[in-house]
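Visitor: 3D model of this:
(chains A and B)
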Amino acid sequence: MENKRPLIALTAIFSLVLLYIPSVAVAVFSVNKARYGLAWRGFTLDWYMKLFENEYILNAALNSLILAVISTLVATVLGTALALGIDRSPWSGSFHRFFDLVINLPVVVPDIIMAVALTLAFNVLRMVSSAFDLGMTTLIIGHITFQISFVTLVVRSRLASLNKETDEAARDLFASSFYLFRRVTLPLIMPGVLAGAMLAFTLSLDDFIISFFTHGPDSVTLPIFIFASLKRGLTPEIHALSTVMLLFTVVLVVLAERLARRF
Amino acid sequence: MDDEKTTNKNPANKKPAMISWRGDVTKLSSLRLKGFALAAPPMLWLLFLLTIPCISFIFIALAQRGEYGDVVWNFSAHNLKRLIGFGSFGWSIDYLKILGRSLLVALVTTVACVALAYPLTFHVATRPRKSRVFWLTLIIVPFWTNVVVRTYAWLLVLGPNLPPAKLAAWVGLIPAGTALYPSSMAVYLGMITTFLPFMALPLYASVERLNWDLLEAAKDLYASRWQVFRQAILPQTWPGLSVGIIVTFVPAMAMFVVTDILGGAKYMLIGNLIQQQFSQARDWPFGAALSVALMVMTLISLSVFRRRKINLDQNINLDQN
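Guide: Numbering: from 1, shown residues only, chains lettered A, B, ... in the order given. Below is the predicted model of the structure:
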């Protein structure tokens, strides 16, 4: 299996350079003293310090985190319920096709379509209640909407790998429905539920387009903040912010890998 | 799992039939009720916020924009005509051009990503087992990094007074002191680096399980490099590659962030156009027509790659020992 093709290795390294050069450049300029221009003026961590003084950025970071946590919690519960409801009940074939259609729609349809569909739904709902004015609520609802399907798909694949004999054994030992769920089903599907929740959490942090359409002036998230500040030009603070976000992603990926290995 | 229901109908008994379900003896109706109670809330959520709005775009597309950006319900094919070039101000294929450009950009991005992803995944798959996790992490991190952050980084790299722009100015491609964006090169760089991890990760799942003996056998039988790829590598990696193509081509077609930041108005794709209709232009019916067009384009590309899969799967069955 030893790779003896230098061309393959070279192209692979070239791809990785393409993937990482921009982020490395941003990281380098985030510790550059120069406020304007791109000449090197010496090392500094001032821009990182300034991040913690900028209340817009702190607010956006807090919004991103609140959004990711709440939407992930709700979507994990709803998505797991949907997976259980489909798997643990005798639905007919046409029902299964209907479920598959509705669940797969958010997975295959481009983000921008989801975003405008949500915009339309919120516009109709706003006639009923002002709770659907664009803001944190609509942002959270929007994120839950695209997260549910992914949680359901992950939990369903876990459910499919379980056998019914464990359920039968529990029933033979007089387990009640609740006891069966609490002590048998839930522990067995837990890795799937956690994987689904992790996927939902990262999807929320990674999203830009749906947030862009469903956020209000009081619920700016970090990606939206960066996107908006681009129109005013690049600043070392944004370099620092981008670098922090990138490092956060690295930490999440490494943590996820560690967690995945434990199951 | 319908085979699990074993009905013990007792003709003498008029009570509802009890069935055995995963070791539990219960009524069919109560099982259905349980399933319904679990599935209904999330299903209603998805239906009302996503499925029904998506379907209703078809009807909104047939309506007209009112004077103040409202939707006027007099049905006509006006928006469809506009899309294919019969505008209010005479013949213009601007919108068709944008649709075509979306397809072209998606196609070029996909082809470039395939070309880069094969060497990349082969390189990672041939690393020693211990360092493979590290190499794989290098692909996963950009996969999960926010697209705005990554596109923003290109804005910096391609900016004026940095080596890439200086080099281009020295060669004479751009005037000195200007940036390398907005340009098609910037858009393609942004697109390819955005989607390369999306192509590489599913492809890697297939490359990792590659049967290397087949490659050796092909070489022993004097297959050319292209023949080795076409007959030994492609059929084996098609399951991952087809997923990679779908998750690259479909979102690339609808891209909005990269083209907005690195392209500007000249490189608008259908995603940017839809965004405009729903915000600045406040022309929902036309935006709905564009959304329907994009959904149709998505469905077509999905069905194209599904069909190809069946053909190649038969090849795999022939090839595998």
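
Visitor: check contacts around residue A:58.
Guide: A:51, A:52 (CB atoms under 8 Å, 6 or more residues apart in numbering or on different chains). In short, each C-beta sits where N, CA and C put it, glycine included.

Visitor: do you know how far residue B:136 is from residue B:123?
Guide: 11 Å (CB to CB, to the nearest Å).

Visitor: Neighbours of residue A:65, how many?
Guide: Neighbourhood size, residue A:65 [other CB atoms under 10 Å in any protein chain shown]: 14.

Visitor: Enumerate every residue touching it.
Guide: No contacts exist for residue A:65 under CB under 8 Å, 6+ apart.

Visitor: can you check residue A:31 too?
Guide: Going by CB under 8 Å, 6+ apart, the list of residues near residue A:31 reads A:43, A:44, A:45, A:47.

Visitor: Equivalent analysis for residue A:239, please.
Guide: A:26, A:27, A:29, A:30, A:47, B:156.

Visitor: quick one, phi/psi of the second one?
Guide: Recorded main-chain torsions at residue A:27 are phi -60, psi -40, according to degrees, to the nearest 10.

Visitor: can you tell me which residues contact it?
Guide: A:239, A:243, A:246.

Visitor: per-residue confidence for it?
Guide: Residue A:27 carries a pLDDT value of 91.

Visitor: Roughly how far does it sit from residue A:239?
Guide: 8 Å.

Visitor: just the third one next, same as before
Guide: Note on residue A:29: its distance to residue A:239, by CB to CB, is 5 Å.

Visitor: Equivalent analysis for the first one, please.
Guide: The gap separating residue A:26 from residue A:239 is 5 Å, by CB to CB.

Visitor: farthest pair in the contacts of residue A:239?
Guide: Maximum pairwise distance among these (CB to CB): 13.6 Å, between A:47 and B:156.

Visitor: how many other residues sit next to the residue in the stretch 201-321 of chain B that chain A sits nearest to?
Guide: The nearest approach of the stretch 201-321 of chain B to chain A comes at residue B:254, 3.4 Å away (CB to the nearest CB). Number of residues near residue B:254 (other CB under 10 Å) recorded here: 25.

Visitor: check contacts around it.
Guide: A:110, A:111, A:112, A:113, B:102, B:269, B:270, B:271, B:274, B:294, B:298.

Visitor: buried stuff in the helix or strand hosting the fifth one?
Guide: If I follow you right, that is residue B:102. Assigned by DSSP states H and E, residue B:102 belongs to helix B:94-125. Neighbour counts over helix B:94-125 (16 or more other CB atoms under 10 Å in any protein chain shown) mark B:95, B:98-99, B:101-103, B:105-106, B:108-110, B:112-114, B:116-125 as buried.

Visitor: So which elements touch that helix?
Guide: helix A:6-30, helix B:78-83, helix B:129-144, helix B:184-208, helix B:234-253, helix B:270-278, helix B:284-319 (3 or more CB pairs under 8 Å, 6 or more residues apart in numbering or on different chains; DSSP states H and E).

Visitor: about what we covered before: list the residues that contact both of residue A:29 and residue A:239?
Guide: In contact with both residue A:29 and residue A:239: residue B:156, using CB under 8 Å, 6+ apart.

Visitor: any common contacting residues for residue A:26 and residue A:239?
Guide: residue B:156.

Visitor: can you pull the contacts of the closest residue to residue B:177 other than its chain neighbours?
Guide: Leaving aside its chain neighbours, residue B:177 sits nearest to residue B:160 (5.5 Å; criterion: CB to CB, 6 or more residues apart in numbering or on different chains). Neighbouring residues of residue B:160 by CB under 8 Å, 6+ apart: B:177, B:178, B:179.

Visitor: Name the spans of chain B whose pLDDT lies under the cut-off.
Guide: B:1-16, B:69, B:87-91, B:306-321 (pLDDT under 70).

Visitor: Run a quick neighbour tally on the residue of it found nearest chain A.
Guide: The nearest approach of chain B to chain A comes at residue B:35, 2.3 Å away (CB to the nearest CB). Residues lying near residue B:35 (other CB under 10 Å) number 19.

Visitor: Over to the one 4 residues further on?
Guide: Counted with other CB under 10 Å, the burial measure for residue B:39 works out to 24 neighbours.

Visitor: So what's the residue count around the closest residue to it other than its chain neighbours?
Guide: Of all residues not flanking residue B:39 in the chain, residue A:85 sits nearest, at 3.0 Å (CB to CB, 6+ apart). Number of residues near residue A:85 (other CB under 10 Å) recorded here: 22.

Visitor: before we move on, what about residue A:135?
Guide: Residue A:135, neighbours per other CB under 10 Å, totals 15.

Visitor: Repeat that for the one 4 residues further on.
Guide: For residue A:139, the count of nearby residues is 29 (other CB under 10 Å).

Visitor: Ok, the one 5 residues further on next?
Guide: The burial metric for residue A:144, expressed as a neighbour count using other CB under 10 Å, is 27.

Visitor: And it, how close does it get to chain B?
Guide: 7 Å (CB to the nearest CB, to the nearest Å).

Visitor: residue contacts, that residue?
Guide: Contacts of residue A:144 (CB under 8 Å, 6+ apart): A:71, A:74, A:75, A:78, B:45.

Visitor: So in chain A, which helix runs the longest?
Guide: helix A:55-87 (DSSP state H).

Visitor: Now do the contacts for residue 138.
Guide: All of this refers to chain A. So residue A:138 contacts A:118, A:122, A:132, A:214, A:215, A:216 (CB under 8 Å, 6+ apart).

Visitor: could you do chain B instead?
Guide: A:16, A:19, A:20.
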